[in-house]
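**Q** have a look; sequence and predicted model below, questions after that.
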Amino acid sequence: MPKKIALSWSGGKDACLALHYLMNSKEYDIDHLHTVIGEETNRVGMHGIKKELIEAQAASLGIPLKISHLPSDKSNISYEQVMREYASSCKSKNINTIAFGDIFLEDLKNYREEKMAEAGMKCLFPLWGIPTKEVIQEFLALGYKTKICAGDASKLDKNKIGETITQNLLNQLPKDVDLCGENGEFHTFVYDGPLFKSKVKIDLKSIQSHFYEYQIEEDKEIKTIKSEFYFAEIE
């Protein structure tokens with residue numbers, strides 16, 4: 001009997017390919033997709049994707065969607081509390097494993113495993129260790145379609161935001177940009193492919209810029225770092 005699990009769902013290509021692997025393995029039964037939405041923004045974190053589009057994806061995939069709401073303070077403490085509550089709801093349904101689309105970030109993998117273990121849960125990483133060039137090539141070869149919905153302004157030209165990823169676009173990316181954006185260079189939204197019953201209809205309205213400030217300690221001094229991110233306003 002397939003093992004009942006949940007999948008952390010951002011709406012992006014890595015989560016989608018992880019879902020593809022899981023559903024084709026015959027070992028797992030995907031009980032639901034799980035997305036954390038900002039209660040103030042009604043959007044997915046750094047992806048900037050509206051809740052309604054995540055719901056449209058789930059509907060086309062034919063998989064139930066569970067949404068957790070992140071308080072407006074967006075703090076790590078609040079996020080971890082949200083995830084503890086979510087883990088508790090999973091265990092009440094006899095689900096003790098959550099799958100993630102991470103590929104090579106050890107610190108993030110360790111963090112997920114540690115926090116989920118504290119909540120009595122296990123983690124599964126279907127894409128772990130696969131070279132990102134192979135991940136994106138297989139994703140495209142399978143016939144999935146995804147747009148760049150957000151990007152680091154220091155890494156990507158503004159005209160790449162909102163574009164559908166193709167081999168030609170990948171060839172144009174700077175050499176220091178990971179082909180899957182695994183270091184946070186860009187994020188994506190999948191709108192069509194083999195698992196979708198129908199194409200998610202989307203319309204690119206505009207490209208927005210958002211500026212962020214955060215502090216780091218360097219040489220015993222606190223420095224303020226400013227960064228700019230582009231977001232595709234997709235409806």
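**A** Alright, I've got the coordinates. What you are looking at is a predicted structure, and each value in this text was computed from that prediction instead of being measured.
**Q** off-centre distance for the longest helix seen in the chain?
**A** Counting residues, the longest helix found in the chain (DSSP state H) is helix 76-91. With CA atoms, centre = their mean, to the nearest Å as the basis, helix 76-91 stands 17 Å off its chain's centre.
**Q** what pairs with the helix or strand following that helix, parallel or antiparallel?
**A** Toward the C-terminus, helix 76-91 is succeeded by strand 97-99 as the next helix or strand (DSSP states H and E). The strands beside strand 97-99 in its sheet (DSSP bridges) come out as strand 3-8 (parallel), strand 122-124 (parallel).
**Q** separation between Ala99 and Leu127?
**A** With distances taken as CB to CB, to the nearest Å, Ala99 is found 10 Å from Leu127. (Glycine included, C-beta is placed from N, CA and C.)
**Q** just say helix, strand or coil for the residue lying closest to Gly162 once chain neighbours are set aside.
**A** Nearest residue to Gly162, sequence neighbours excluded (CB to CB, 6 or more residues apart in numbering): Ala232, at 4.0 Å. Following DSSP: H, G, I helix; E, B strand; the rest coil, the label given to Ala232 is strand.
**Q** by mean pLDDT, point me to the weakest helix or strand of this structure.
**A** The weakest-scoring helix or strand in the chain, judged by mean pLDDT, DSSP states H and E, is strand 204-218 (a mean of 86).
**Q** that one pairs with which strands, parallel or anti?
**A** When DSSP bridges is applied, strand 204-218 pairs with strand 221-234 (antiparallel).
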